[in-house]
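Visitor: With the sequence up front, the predicted model follows.
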Protein chains: 2
Amino acid sequence: MATGRNHRPATSRSRGIPDATVARLPLYLRALTALSERSVPTVSSEELASAAGVNSAKLRKDFSYLGSYGTRGVGYDVEYLVYQISRELGLTQDWPVVIVGIGNLGAALANYGGFASRGFRVAALIDADPAMAGKPVAGIAVQHSDELERVIEENGVSIGVIATPAASAQPVADRLVAAGVTSILNFAPTVLSVPEGVDVRKVDLSIELQILAFHEQRKSGELPDDGRAVPGTDIGEDAGGGVTGSPVAPPAASVTKRTASAAPAATDRRGDEPGNDGDLPAVMPA
Amino acid sequence: MATGRNHRPATSRSRGIPDATVARLPLYLRALTALSERSVPTVSSEELASAAGVNSAKLRKDFSYLGSYGTRGVGYDVEYLVYQISRELGLTQDWPVVIVGIGNLGAALANYGGFASRGFRVAALIDADPAMAGKPVAGIAVQHSDELERVIEENGVSIGVIATPAASAQPVADRLVAAGVTSILNFAPTVLSVPEGVDVRKVDLSIELQILAFHEQRKSGELPDDGRAVPGTDIGEDAGGGVTGSPVAPPAASVTKRTASAAPAATDRRGDEPGNDGDLPAVMPA
DNA sequence: GGATGTGAAGATCTTCACAGCA
DNA sequence: TGCTGTGAAGATCTTCACATCC
């Protein structure tokens, strides 16, 4: 391993900075900003790591990808690091953003204070409902969908946020992309297909909750039951089709092995960027 | 390597199912549910993978951790898989959930259709604002914070969702945990510290946007400027303290190397479960 | 003395490619 | 023949442990 010295992880990805590291930079930045506001001049990797919730080794490794911004025996200069990370993340420039779908979620996003303070500027709020047009949300007048393309072009928007119902997500994404947007943050529970070169990140509550349920499940007892097609006879052959209600009935099917090992109580959390979804209700009205 | 045969990845984590796999199960479930509604009887790993946005090898590997639920030469039985994944995720049981902080975000969550249809049941909506008490949101009357403990105990709630401003998040988390909640989905941009055994997952818009900005940045040009403390003289020594506005001024500091390599245009998305935050405005009013 | 920076070892996760079964 | 199931190889990410430098 190690393609020689200076083996830098990261796929062929962006620059040489590993994705995992990029995902943590915002965390560090947040912790550093807090320290900066308290006028703390320097921090050790230990302290900062603690504030950011990671371990110090990881933090130092992450920073090493950015360069040598610390001082041995001392620590890191808070102000300087804030600047470097901001620059690395591209937050030193202005990013006009459009939010499409101004329902509860869209409104929540529009009101999100973390935007303005980090280089993001809400350039426009778009909604398909004519009744919403003109209404002020977070101090900005909502505009009708018809204005989408114009707004994007006039403001040079490259980042779009989709907070519409699932059904509208793909059409909206298509329009965003056609108008020039190259990065999309999708809150709708749908798999968006976009052309090469367009980045899509997704936030999905349903998935997060399901992951929590998974872990929660094995805290108490084991799985509800192996659920395997019962050997003898017992199930009343449910194999219907409706898969809507909460509890799902165990349909019979081709089963083979399915090893039911003892499950050691576990506690851990993990998040990830799966990639998409399938179809589901919406987070909120458009 | 391979600790023998049947080497199963996954840390010491839950059962033997890798976290990465658990994080994708909800995606598969969603895609399968859609197929189920269209009464599709079986799917090949290829088709399902496509619908879920992953590659087929990964999907087959993921399913292999659950057992052998497919039929060679045929594919997977949709209904059966829906059931198995639901069971594995713990969705065959009822999960009462409390949502704390009924602002725009909290309301959006309460209205989220994905809850009920997946075993999750909103047991109560809690808000600190007395004016909110009694108001119906998503058909449920909001209750005052004072009711929190009672509601949790009476309903056997083990999953709590925090949608309050950052400042209230930790106190709320403490109360949730004290009352018996062991899994928390946190939308507030703060690092929550909870006792061992309590799971915390976080959803952070600010972070997602920043990651997008990072990638967006290197689509166009390179970094705005190396930003390194200018060798000669040029910067007006900014090292002030305010780190609030969007563009951050480059403070001088101890710099050492910082290799500015050429950055190949990249396009990729990645999400992750960092672990926490530091401090920031709030997503919405409580 | 003290904390950073980092090669190397481990642990996971992903992808390949093909044996094996319906 | 077709597609699943999976050992093995790769690619990443994390953690260790210590040389290095203020």
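Guide: Everything's here; your move. Numbers count the residues shown, from 1 in each chain, chains lettered A, B, ... in the order given.
Visitor: quick one: pLDDT of A:Gly232?
Guide: pLDDT recorded at A:Gly232 is 26.
Visitor: quick one: buried residues of the longest helix along chain A?
Guide: Counting residues, the longest helix found in chain A (DSSP state H) is helix A:19-37. Within helix A:19-37, the residues that count as buried by 16 or more other Cβ atoms under 10 Å in any protein chain shown are A:19, A:21-36. Backbone N, C-alpha and C define where each C-beta goes, glycine included.
Visitor: go on, stretch A:64-76?
Guide: A:65-67, A:69-70, A:75-76.
Visitor: so what does the helix or strand following the longest helix of chain A touch, helix or strand wise?
Guide: Using DSSP states H and E, the helix or strand that follows helix A:19-37 in sequence is strand A:42-43. In terms of contacts (3 or more Cβ pairs under 8 Å, 6 or more residues apart in numbering or on different chains; DSSP states H and E), strand A:42-43 is packed against strand A:75-77.
Visitor: continuing past the strand it packs on, what's the next helix or strand?
Guide: Immediately after strand A:75-77, counting by DSSP H and E, sits helix A:78-89.
Visitor: Any residue of the next helix or strand after that following helix touching chain B?
Guide: Remark: after helix A:78-89, the chain's next helix or strand is strand A:95-100, criterion DSSP H and E. Yes. Strand A:95-100 is in contact with chain B by Cβ under 8 Å from any Cβ of the partner chain, via A:95, A:97.
Visitor: and the helix or strand that comes right after strand A:95-100, how far out from the chain's middle?
Guide: With elements assigned by DSSP H and E, the helix or strand that comes after strand A:95-100 is helix A:104-111. With Cα atoms, centre = their mean, to the nearest Å as the basis, helix A:104-111 stands 16 Å off its chain's centre.
Visitor: about what we covered before: now flag whichever of the buried residues of stretch A:64-76 is closest to DNA strand C.
Guide: Nearest to DNA strand C among the buried residues of stretch A:64-76 is A:Gly70, at 2.9 Å by Cβ to the nearest atom of the strand.
Visitor: So which bits of stretch A:122-142 are buried?
Guide: Buried, per 16+ other Cβ under 10 Å, within stretch A:122-142: A:122-128, A:132-133, A:137-138, A:142.
Visitor: Secondary structure for those - can I get that in a markdown table?
Guide: Shown next, in a markdown table, are the buried residues of stretch A:122-142 (DSSP: H, G, I helix; E, B strand; the rest coil):
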| residue | secondary structure |
| --- | --- |
| A:Val122 | strand |
| A:Ala123 | strand |
| A:Ala124 | strand |
| A:Leu125 | strand |
| A:Ile126 | strand |
| A:Asp127 | strand |
| A:Ala128 | coil |
| A:Met132 | coil |
| A:Ala133 | coil |
| A:Val137 | strand |
| A:Ala138 | coil |
| A:Val142 | strand |
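Visitor: so can I have a markdown table of the residues you listed showing distance to A:Ala166 and pLDDT?
Guide: Below are those laid out as a markdown table (distance: Cβ to Cβ, whole Å; pLDDT from 0 to 100):
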| residue | distance to A:Ala166 | pLDDT |
| --- | --- | --- |
| A:Val122 | 23 | 96 |
| A:Ala123 | 24 | 96 |
| A:Ala124 | 22 | 97 |
| A:Leu125 | 20 | 98 |
| A:Ile126 | 17 | 98 |
| A:Asp127 | 16 | 98 |
| A:Ala128 | 14 | 98 |
| A:Met132 | 19 | 97 |
| A:Ala133 | 23 | 98 |
| A:Val137 | 22 | 97 |
| A:Ala138 | 24 | 95 |
| A:Val142 | 21 | 98 |
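Visitor: Go through the residues you listed and name the one nearest A:Ala110.
Guide: Set against A:Ala110, the nearest of these by Cβ to Cβ is A:Ala138 (3.8 Å).
Visitor: what's near enough to touch that closest one?
Guide: A:107, A:110-111, A:122, A:125 (Cβ atoms under 8 Å, 6 or more residues apart in numbering or on different chains).
Visitor: filter these by proximity to chain B?
Guide: Within the contacts of A:Ala138, those near chain B by Cβ under 8 Å from any Cβ are A:107, A:111.
Visitor: DNA strand D: which of the contacts of A:Ala138 is nearest?
Guide: So of the contacts of A:Ala138, ranked by how close each gets to DNA strand D (Cβ to the nearest atom of the strand), first place is A:Val122, at 30.2 Å.
Visitor: Look up how far chain B lies from that closest one.
Guide: From A:Val122 across to chain B, the span is 11 Å (Cβ to the nearest Cβ, to the nearest Å).
Visitor: Let me know whether that residue touches A:Val97 as I believe.
Guide: Yes. Proximity of A:Val122 to A:Val97 meets the contact threshold set by Cβ atoms under 8 Å, at 5.7 Å.
Visitor: hang on, the earlier thing: distance to A:Arg60 added to the buried residues of stretch A:122-142, as TSV?
Guide: Listed next are the buried residues of stretch A:122-142 as TSV, based on distance: Cβ to Cβ, whole Å:
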residue	distance to A:Arg60
A:Val122	36
A:Ala123	38
A:Ala124	41
A:Leu125	41
A:Ile126	43
A:Asp127	46
A:Ala128	48
A:Met132	48
A:Ala133	51
A:Val137	42
A:Ala138	39
A:Val142	46
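Visitor: Distance of the residue in the stretch 101-250 of chain A that chain B sits nearest to relative to DNA strand C?
Guide: Residue of the stretch 101-250 of chain A nearest chain B, by Cβ to the nearest Cβ: A:Gly113 (2.6 Å). According to Cβ to the nearest atom of the strand, to the nearest Å, A:Gly113 and DNA strand C sit 30 Å apart.
Visitor: Need the overlap of contacts for A:Val122 and A:Val97.
Guide: A:Phe115.
Visitor: And for A:Val151, nearest residue in space, chain neighbours not counted?
Guide: Closest residue in space to A:Val151, ignoring its immediate chain neighbours: A:Ala124 at 4.4 Å, by Cβ to Cβ, 6 or more residues apart in numbering or on different chains.
Visitor: Does that neighbour have any beta-bridge partners, and if so which?
Guide: A:Ala124 has these beta-bridge partners by DSSP bridges: A:Val98.
Visitor: wouldn't it be in contact with A:Asn155 here?
Guide: Yes. A:Ala124 lies in contact with A:Asn155 (Cβ under 8 Å); the separation is 7.0 Å.
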